[in-house]
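Asks: would you be able to build a 3D model of this:
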Amino acid sequence: MEHHKIPVFIITGFLGAGKTTFINHFIQSNKLLRILVIENEIGKTNIDGALLIQDQTDIRELTAGCLCCDLNEKLYDLLYELSQKKDTFDILIIETTGIADPAAVAETFWTGTYMDKHYEIRSIICLADAQNMLTSLQQNEDTRRQLTFADVVLLNKCDQSDNETISDVKNVIHNICPDVHIYEGSEGIFPIEELINLDIHLTSKKEKMISSSNETEVKKHNGIHTFTLTFDEAFDYRKLKHMLMLLIHFNKQQIYRIKGMLNIEGLNEKIILQSVFKSYRMEEGSPWNDHDKRQSKIVFIGHEVEKASIERVFQQCLIKETPTL
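Replies: Predicted coordinates:
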């Protein structure tokens, strides 16, 4: 019997982007849903938690630390506790601090079969201030990291920006994250029902996004490099797993995110690859069709990542045809 998984939305965004206002709109737009919010504040007094609508929402606070570092263990313990009561709520929202690394938060859900059995990350949503986003990207490493891990970017405060600025911001975001979904809004108001049902992490959606990526050239913005590697030969599964472990371990500060659709020797299904922070996972996708070109595509986003070096690592994992004499 398949267990019901709790849908999880991780809300991130730099200071002042409008996270709390958006979450209140999220709550008000879903009065029939039971929403549980995990609210994080670095200080001992949780100011943002007091600003959330509480009449129809269960709010759990983790204070005096950041979820992506010293509170990570407490987050795991809280998630374990909540999994025992998952029939009492319908959606889990995790609001991170303005300087949190969402990858480390997401990694908590990849820490073994238990979390994977009870929780499903629907999307990582990044709130961005349309007027100040470009400046923030130039000045803050935290902003750049939050953006690279986002599945959805909510461009907030668009009423305070002109069309040219909004267009420039969207172009920069797509250069960094080619497959990210961008919504424009003001005062934290966005199409909540559409966001809930976007199903970013459904296998077919991931396959489509990865296969459509053709950005073979390296795109650069403030030290962030984005590129796609394509391989026609099949991968050796054992070699690939070993190399991925080494690659991510030794480059965890440089490689922000990996998304891939892989052709594995001996398997009839596409394999979907994802990585966040120090972890990666590979899951079974749809079968290869007879008319499909069995081609692997891997998208990399990171800080000063060298495409040639990464490509050489993956070349070592390919099944090379033995030349006939």
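Asks: what are the boundaries of the helices in the stretch 101-250 of the chain?
Replies: 102-107, 113-118, 133-139, 141-148, 163-176, 192-196, 203-211, 237-250 (DSSP state H, counting those that start in this stretch).
Asks: residue contacts, the residue lying closest to I182 once chain neighbours are set aside?
Replies: Spatial nearest neighbour of I182, excluding adjacent residues (C-beta to C-beta, 6 or more residues apart in numbering): V153 at 4.9 Å. Using the backbone N, CA and C atoms, a C-beta is placed for each residue, glycine as well. Going by C-beta atoms under 8 Å, 6 or more residues apart in numbering, V153 touches 125-126, 128, 147, 173, 177, 180-183.
Asks: and what of N222?
Replies: Per C-beta under 8 Å, 6+ apart, neighbours of N222: 137-138, 144.
Asks: what distance do you get for I189 to C158?
Replies: Computed as C-beta to C-beta, to the nearest Å, the I189 to C158 distance reads 10 Å.
Asks: these two - which one has more neighbours?
Replies: Set I189 next to C158 and count neighbours by other C-beta atoms under 10 Å: C158 wins out with 20 against 15.
Asks: that one contacts G188, correct?
Replies: No - C158 is not in contact with G188 according to C-beta atoms under 8 Å; the separation is 11.4 Å.
Asks: sorry, back to before: could you tell me the least trusted of the helices of the stretch 101-250 of the chain?
Replies: Comparing mean pLDDT across these, the lowest value falls on helix 203-211: a mean of 65.
Asks: show me which residues of the longest strand anywhere in the chain are buried.
Replies: As assigned by DSSP state E, the longest strand anywhere in the chain is strand 119-129. Applying a neighbour-count criterion of 16 or more other C-beta atoms under 10 Å, one finds 119, 121-129 buried in strand 119-129.
Asks: mind giving me JSON lines with these and columns for distance to I298 and pLDDT?
Replies: Listed next are these as JSON lines, based on distance: C-beta to C-beta, whole Å; pLDDT from 0 to 100:
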{"residue": "Y119", "distance to I298": "26", "pLDDT": "91"}
{"residue": "I121", "distance to I298": "20", "pLDDT": "89"}
{"residue": "R122", "distance to I298": "23", "pLDDT": "89"}
{"residue": "S123", "distance to I298": "21", "pLDDT": "89"}
{"residue": "I124", "distance to I298": "20", "pLDDT": "91"}
{"residue": "I125", "distance to I298": "24", "pLDDT": "93"}
{"residue": "C126", "distance to I298": "23", "pLDDT": "93"}
{"residue": "L127", "distance to I298": "28", "pLDDT": "94"}
{"residue": "A128", "distance to I298": "26", "pLDDT": "92"}
{"residue": "D129", "distance to I298": "32", "pLDDT": "92"}
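Asks: can you name the two of those residues that sit furthest apart?
Replies: Spatial extent of these (C-beta to C-beta) is set by the pair Y119 and D129 at 29.4 Å.
Asks: partners of the longest strand of the chain in the sheet?
Replies: strand 6-13 (parallel), strand 152-156 (parallel) (DSSP bridges).
Asks: so which of those strands is nearest I264?
Replies: Nearest to I264 among the strands paired with strand 119-129 is strand 6-13 (28.3 Å), distances taken as C-beta to C-beta.
Asks: next helix or strand past that closest one?
Replies: Toward the C-terminus, strand 6-13 is succeeded by helix 19-28 as the next helix or strand (DSSP states H and E).
Asks: chain center to the helix or strand just after that next one: distance?
Replies: Going down the chain from helix 19-28, the next helix or strand is strand 35-41, by DSSP H and E. Centroid displacement of strand 35-41 relative to its chain, using C-alpha atoms, centre = their mean, to the nearest Å, is 18 Å.
Asks: put the alpha carbons of strand 35-41 into PDB.
Replies: Only the C-alpha atoms of strand 35-41 are listed here, as PDB (Å, rounded to 0.1, in the frame of the first residue of the first chain):
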ATOM      1  CA  ILE A  35      -1.600  24.300   6.400                       C
ATOM      2  CA  LEU A  36       1.300  23.800   8.800                       C
ATOM      3  CA  VAL A  37       4.200  26.400   8.700                       C
ATOM      4  CA  ILE A  38       7.700  25.800  10.000                       C
ATOM      5  CA  GLU A  39       9.000  29.400  10.500                       C
ATOM      6  CA  ASN A  40      12.700  30.100  11.100                       C
ATOM      7  CA  GLU A  41      14.300  33.200  12.600                       C
END
